[in-house]
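Engineer: predicted model and sequence below, questions to follow.
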Amino acid sequence: MPFTLSKSVRALVASAGLVAPLLAGAQSTMTLKAADVHPPGYPNVVAIESLGRKLEAATQGRIKLQMFPGGVLGAEKEVVEQTQLGAIQIARISLGVLGPVVPEVNVFNMPFVFRDEAHMRQVIDGPIGDELLEKISNSPAKLIGLGWMDSGTRNLYTKKPVRKPEDLKGQKIRMMGNPLFVDTMNAMGGNGISLGHTEVYSALQTGVIDGAENNPPTFFTSNQYQAGPKYYTLTKHLIIPEIFVMSKVVWDKLSPEERTLVRKFSREAQMEQRALWDKSVAEYTGKLKAAGIEFVEIDNKPFYDLTAPVRAKYGANYTELMKRIAEVR
Ligand code: BDP
């Protein structure tokens, strides 16, 4: 027979303030499903797994986390939708795909908005980073912004070297799913095509696209370096942070103490990923070079200049925020 309380007993325990703890005790074990497109061992995956282990220990096993790496829960766009609905509880995604959902985050997604990675890190670690997490949490997106991660600089990989904008003419370059990125590539001189991460390998192989752009760890671990590209041109056109978010559906079920733990371990995950990230960039840069990928150093000023209209278009409503970002030293 299911456990039920008669009305009078319920009234009694309610008045004694016992219902909440009783119910909480009865239904509080939960397993958070976490999604990442990257394979096991990738810094982002490792940092979220570690957050999960800490949460499990601190809650005496009440809250567990199960990581689903390698894109098994879907492409990032679908993962965001599933997280909004509560079917996935934690999503580690590129901030790039959140732009269409929470437009304000596009300020961080803009070409050349950060001077370099150090600048980006200072912004995400500081008050502006916190504010943007809050903006996401308070938006109608039903997502709670938990923390940021590094994703280095995104650089072009193609069959022919790209030294100047003219070299991109007629080249179909895969970009992440956000009109801002397609505009960016078009402004840089190529033809931006938006595709999900897991589709890039075969699109390169079959010639549906001529190239793509990403950081060294992703270029290597996705095997895209084996699908045709020979040159990795250091355009550094995008420095997009990663983000991890929790479904509001599950956040609303957490107690204040549990939320504090999630916040604390999220910040630690942000820092843990960073240390792993730096090692990973060094490691995969070496591996790409060893595999015969040629790294091409260029003056990226022409690309910076050409993308000014993109910053003007997407930054129009956020000039104050753009100014504050530029002032972070
Ligand atoms: C990688 C990000 C990942 C994106 C991927 C992409 O870590 O979240 O899905 O780029 O280009 O750098 O889609």
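Structural biologist: Structure received. Residues are numbered from 1 along each chain as shown.

Engineer: stretch 103-112 close to the ligand?
Structural biologist: No. Stretch 103-112 stays clear of the ligand (CB under 6 Å from any ligand atom), getting no nearer than 12.0 Å. For the C-beta atoms, the positions are set from N, CA and C on the backbone; glycine is no exception.

Engineer: for whatever helix or strand L132 lives in, buried residues please.
Structural biologist: Assessed by DSSP states H and E, L132 sits inside helix 127-138. Using 16 or more other CB atoms under 10 Å as the test for burial, helix 127-138 gives I128, G129, L132, L133, I136, S137.

Engineer: what's the first helix or strand after it?
Structural biologist: For helix 127-138, the following helix or strand on the C-terminal side (DSSP H and E) is strand 143-149.

Engineer: most proximal residue of the stretch 101-250 of the chain with respect to the ligand?
Structural biologist: Going by CB to the nearest ligand atom, the ligand is nearest to H197 of the stretch 101-250 of the chain, at 3.4 Å.

Engineer: list the contacts of that residue.
Structural biologist: V37, G71, A75, E76, M176, T218, S222 (CB atoms under 8 Å, 6 or more residues apart in numbering).

Engineer: of these, which are in range of the ligand?
Structural biologist: V37, E76, M176, T218.

Engineer: the last one touches H38, doesn't it?
Structural biologist: I take that to be T218. Yes. Here T218 reaches H38: they are 7.3 Å apart, a contact under CB atoms under 8 Å.

Engineer: the stretch 151-300 of the chain against the ligand: which residues are in contact?
Structural biologist: When proximity is defined by CB under 6 Å from any ligand atom, the stretch 151-300 of the chain lies next to the ligand at S151, M176, H197, N214, N215, T218, E242.

Engineer: quick check: the second one touching S194?
Structural biologist: In other words, M176. Yes. If you go by CB under 8 Å, M176 and S194 touch, sitting 6.8 Å apart.

Engineer: these two: which has the busier surroundings?
Structural biologist: For the pair M176 and S194, the greater number of neighbours falls to M176 (28 against 14), based on other CB atoms under 10 Å.

Engineer: max-length helix in the chain?
Structural biologist: helix 256-290 (DSSP state H).

Engineer: show me what the next helix or strand after that one is packed up against.
Structural biologist: Per DSSP H and E, the first helix or strand lying C-terminal to helix 256-290 is strand 294-296. Counting contacts by 3 or more CB pairs under 8 Å, 6 or more residues apart in numbering; DSSP states H and E, strand 294-296 packs against strand 231-238, helix 256-290.

Engineer: what's the angle from the following helix or strand past the first one to helix 127-138?
Structural biologist: Sequence-wise, the next helix or strand downstream of strand 231-238 (DSSP H and E) is strand 242-247. Regarding strand 242-247 and helix 127-138, their directions subtend 30 degrees when assessed with axes from the mean of the first three to the mean of the last three CA atoms, to 10 degrees.

Engineer: highest mean neighbour count out of the helices and strands packed on strand 294-296?
Structural biologist: Highest mean neighbour count among the helices and strands packed on strand 294-296 (mean count of other CB atoms under 10 Å): strand 231-238, with a mean of 23.

Engineer: how far off centre is that strand?
Structural biologist: Distance of strand 231-238 from its chain centroid, counting by CA atoms, centre = their mean, to the nearest Å, is 19 Å.

Engineer: and that strand, what does it pack onto?
Structural biologist: Right, strand 231-238 is packed against strand 154-158, helix 179-188, strand 211-214, strand 294-296 by 3+ CB pairs under 8 Å, 6+ apart.

Engineer: got the CA positions of the longest one in CSV?
Structural biologist: This means helix 179-188. Provided in CSV are the C-alpha atoms of helix 179-188 (Å, rounded to 0.1, in the frame of the first residue of the first chain):
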residue,chain,number,x,y,z
PRO,A,179,23.3,34.2,-37.4
LEU,A,180,26.0,36.3,-35.8
PHE,A,181,28.7,33.8,-36.8
VAL,A,182,27.4,33.5,-40.4
ASP,A,183,27.5,37.3,-40.6
THR,A,184,31.0,37.2,-39.1
MET,A,185,32.3,34.7,-41.7
ASN,A,186,30.7,36.6,-44.6
ALA,A,187,32.3,39.8,-43.4
MET,A,188,35.7,38.1,-43.2
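
Engineer: can you give me the buried ones in it?
Structural biologist: For helix 179-188, a neighbour-count test (16+ other CB under 10 Å) marks L180, F181, V182, D183, T184, M185, N186, A187, M188 as buried.

Engineer: correct me, but the fifth one touches M176?
Structural biologist: Looking back up the chat, that one is T184. No. Using CB under 8 Å, T184 is not in contact with M176, being 10.1 Å away.

Engineer: and the stretch 1-150 of the chain, which residues reach the ligand?
Structural biologist: Checking the stretch 1-150 of the chain against the ligand by CB under 6 Å from any ligand atom, the hits are V37, E76, I93, S94.
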